[in-house]
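*Asks:* next comes the sequence, and after it the predicted model I'd like to discuss.
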Amino acid sequence: GSSDGGAVLLKAAERRYGLISSMADCLFDRRQAGKVDHSLNDLIAQRVFSIGCGYADANDSARLAADPMHKMLLDRDPVTGLDMASQPTLSRFENAVGPRQLYHMGAALAESVIARHAKRLHHRARLVTIDLDPTDDPTHGAQQLSFFNSHYDNACYLPMMGFVTFNDEAEQYLCAAVLRPGNVTAAAGAVGMLRRLMALVRNSFPKVRIRVRLDGGFANPELLAFLDSEPGVEYVVAMASNAVLNRKAEEDMEVARLLAGLTDQTEHVYGETHYAAGSWKRERRVIIKAEVVRAEDKAPKENPRFVITNMKQTPQWLYEEVYCQRGEIENRIKELHAMEIDRTSCSRFWANQFRVLLTAAAYVLMQELRLSAAGTNCARAQVWTLRERFLKLGARVMISVRRMVVHLPQSFPFLATFRHMALELGTSPG
């Protein structure tokens, strides 16, 4: 028996992508062929499916080695088939991968995600939005390239995640995950990532409009110049306040102060200006949100915000309907942390990047499960809820001469939704 009976859904989701085989194709196996029990494809599959089921640490392999469901996920006989790889084997595997292979694996992740949704949307989309966001990954040992970051006030890595959104859909799909040293700026590597993602999007959606949303850490001259040079690309990029911008926003702030004083509530006023920092070659349009925050028993607090854009719509619409929507990215990053994408405890930096990519692949499959739940009350469920409701099912595996049968519970609270998801993922009714 197994407590991960619903993991068959992960296997069905992976078949939609072919993600595991694409990543395995990026690796070169230097082991002696006659001594190999576990192929590279099987090692990646074992880690990805285990992470998806909540076993983020390679040490968990000791408890899962003979689990019949996990063996079935690797296309092995659940009873008599070879046990899965041990923790030492997985650790050697993680530490054997180099930077060039990891680069190609990251490219395979992005290509698989965008190709999957291009097929789903029949290569027709009017708008694709790209969001990049850094997050801190605290470190507690002597990991390579772990540095103190004054913004987060701890020693950490600073991975950057890339997401794509199609049209007006609610989901932001993870398509890139790059581990970076803890002392880099938020925008380090952003131009290269955007260039590659834009090329993939244009190749899959030839007539699409691309929109880029970034927070204040990305507002540097190199990145803004790149965005301006790309034809047909819209962008909204937050920018930190400074003395010049505050001076330009003073008129709007005065109106916000007056309104807040009259209503005794938080008020905000939108405006715009044109601004060029000393390192910029030209002026750009800047949206102003002049806000005065009122809270009970507290003095009014002024909170001016600024967003650089090349779009033409009204300041209020751009701020509220375009820029503020990137707040959903924080929920995706919380889910990634819940899947322990910050389990980067290897000494080698590249081994930790490999772990980040394996977790990203598992998260992509979990997002596919959420997509298959569209139209149900679990359509926006968080990944840990999907795992608890649909993967953590008791199962009994029976073997006969002609077939293998997985017996799942005949009744549980989310059976109807489980059936819906299974059918959406290609299960034949019967």
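*Replies:* Sure, I can see it. Remember, predicted model here, so these are calculated numbers, not experimental data.
*Asks:* by contact count, what packs against the helix or strand hosting A110?
*Replies:* Of the helices and strands defined by DSSP states H and E, A110 is found in helix 99-120. If you count contacts as 3 or more C-beta pairs under 8 Å, 6 or more residues apart in numbering; DSSP states H and E, helix 99-120 packs onto helix 8-17, helix 19-24, strand 160-166, strand 173-178, helix 190-204, helix 349-372. (C-beta placed from N, C-alpha, C; glycine too.)
*Asks:* what's the first helix or strand after that helix?
*Replies:* Following helix 99-120 in sequence order, the next helix or strand is strand 127-134 (DSSP H and E).
*Asks:* alpha carbons of that next one, as CSV, please.
*Replies:* The C-alpha trace of strand 127-134 is given here as CSV (Å, rounded to 0.1, in the frame of the first residue of the first chain):
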residue,chain,number,x,y,z
LEU,A,127,-1.4,39.3,-24.5
VAL,A,128,1.4,37.6,-22.6
THR,A,129,2.6,39.2,-19.4
ILE,A,130,6.0,38.4,-18.0
ASP,A,131,6.7,39.0,-14.3
LEU,A,132,10.2,38.7,-12.7
ASP,A,133,10.6,38.7,-9.0
PRO,A,134,13.5,38.0,-6.6
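*Asks:* and that strand, which residues are buried?
*Replies:* 128-134 (16 or more other C-beta atoms under 10 Å).
*Asks:* then stretch 212-225?
*Replies:* 212-215, 217-220, 223-224.
*Asks:* so for those residues, which is the shakiest by pLDDT?
*Replies:* Lowest-confidence member of the buried residues of stretch 212-225: G217, scoring 89 (pLDDT).
*Asks:* please look at that one and T135 and confirm they touch.
*Replies:* No: if you go by C-beta atoms under 8 Å, G217 and T135 don't touch, sitting 11.4 Å apart.
*Asks:* the protein: strands as residue ranges?
*Replies:* For the chain, the strands defined by DSSP state E cover 127-134, 137-138, 147-149, 154-157, 160-166, 173-178, 209-214, 233-239, 267-275, 284-293, 301-302, 305-309, 396-399, 404-407.
*Asks:* ok, which of the ones you listed comes nearest R31?
*Replies:* strand 173-178 (26.7 Å; C-beta to C-beta).
*Asks:* so the closest one versus helix 349-372, what angle?
*Replies:* Calculated by axes from the mean of the first three to the mean of the last three C-alpha atoms, to 10 degrees, strand 173-178 forms an angle of 180 degrees with helix 349-372.
*Asks:* against which helices or strands is strand 173-178 packed?
*Replies:* With contacts taken as 3+ C-beta pairs under 8 Å, 6+ apart, strand 173-178 sits against helix 99-120, strand 160-166, helix 190-204, helix 328-338, helix 349-372.
*Asks:* so how far is it off the chain centroid?
*Replies:* Its chain's C-alpha centre lies 5 Å from the corresponding centre of strand 173-178 when counted by C-alpha atoms, centre = their mean, to the nearest Å.
*Asks:* likewise stretch 277-295?
*Replies:* Counting by C-alpha atoms, centre = their mean, stretch 277-295 comes out at 28 Å from the chain centroid.
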